[in-house]
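*Asks:* for reference, the sequence and a predicted model appear below.
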Amino acid sequence: MKEAAGEANLTVVAIILIAVVVAVATPLINSLMKNSANRSCCTDAGGVWKSGKCTKAAGSNDYDSNSYSRCVSDATA
């Protein structure tokens, strides 16, 4: 009987640890995915991703801020 109780306790501990890992990893993965989408939209719009912002590349006239904004709003929808 004691062995069965010990196995049940280990199962509960394992489930709790998995839940904690999922709770910590989910926001991190969501943040990475959002950042990746923003960078991709910036590149597609002809910009350069610097310091967390999409900016016009030096010497380039290809950047379209409206295209970037549309892309970001489509990615989050």
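*Replies:* Right, received. Where do you want to start?
*Asks:* give me phi/psi at residue 48?
*Replies:* Per-residue torsions, residue 48: phi -130, psi 130 (degrees, to the nearest 10).
*Asks:* show me what contacts it?
*Replies:* Counting by Cβ atoms under 8 Å, 6 or more residues apart in numbering, residue 48 touches 42, 54, 55, 56, 57. Where you see a C-beta, it was placed from the backbone N, CA and C, and this is true even at glycine.
*Asks:* where's the dip in pLDDT among those residues?
*Replies:* Minimum pLDDT for those is recorded at residue 57 (82).
*Asks:* you'd agree that residue is up against residue 50?
*Replies:* No. Counting by Cβ atoms under 8 Å, residue 57 sits too far from residue 50 to count as a contact (9.6 Å).
*Asks:* and the lowest-mean-pLDDT helix or strand in the chain, how far from the chain's centre?
*Replies:* Least confident helix or strand, the chain: helix 65-76 with a mean of 87, by mean pLDDT, DSSP states H and E. Remark: helix 65-76 is offset 16 Å from the chain centroid, using Cα atoms, centre = their mean, to the nearest Å.
*Asks:* elements contacting it?
*Replies:* The contact analysis (3 or more Cβ pairs under 8 Å, 6 or more residues apart in numbering; DSSP states H and E) places helix 65-76 against helix 2-44.
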